[in-house]
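*Asks:* Got a predicted model here, sequence first, then my questions.
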Amino acid sequence: MNIRPSAAIRQNYNEIADICRKTSEPVFLTKNGEGDLVVMDIETYNRREKLLKLREELLAVEEDRVSGRYGSTLDELEAYLDDVIAEV
């Protein structure tokens, strides 16, 4: 986990941006010693958003399955997951 004071973003923007890109991990910024902001590169952010969307969709499908509503065949599910994975 990479933690920096909030002043670091003003003083060392390029360094923090490089850390985000190289590690694909967020940098946590503190203000007065407490967590304040999280900074990450755009690729990591987009990847996390897509994964979050996929998890939400999978949860909805699982809820439908548990409640007995219509589901998908294994072939339909495999094709769907292949499409989602290709996007990520």
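*Replies:* Structure received.
*Asks:* can we go C-alpha only for contacts and neighbour counts from here?
*Replies:* Will do.
*Asks:* May I have the secondary structure class of residue 3?
*Replies:* When classified by DSSP: H, G, I helix; E, B strand; the rest coil, residue 3 comes out as strand.
*Asks:* tell me the residue furthest from the middle of the protein?
*Replies:* Ranked by distance from the centre of the chain (CA atoms, centre = their mean), the top residue is residue 68, with 30.4 Å.
*Asks:* distance of that residue from residue 82?
*Replies:* Distance, residue 68 to residue 82, by CA to CA, to the nearest Å: 25 Å.
*Asks:* Quick one: mean pLDDT for the helix or strand hosting residue 80?
*Replies:* Take DSSP states H and E as the rule and residue 80 turns out to sit in helix 74-87. On average, the pLDDT along helix 74-87 is 88.
*Asks:* can you check stretch 42-51 too?
*Replies:* On average, stretch 42-51 scores 96.
*Asks:* now do stretch 18-35
*Replies:* In the prediction, stretch 18-35 has an average pLDDT of 95.
*Asks:* Tell me which residues of it come out buried.
*Replies:* Under the neighbour-count criterion of 16 or more other CA atoms under 10 Å, stretch 18-35 has 19-21, 24-30 buried.
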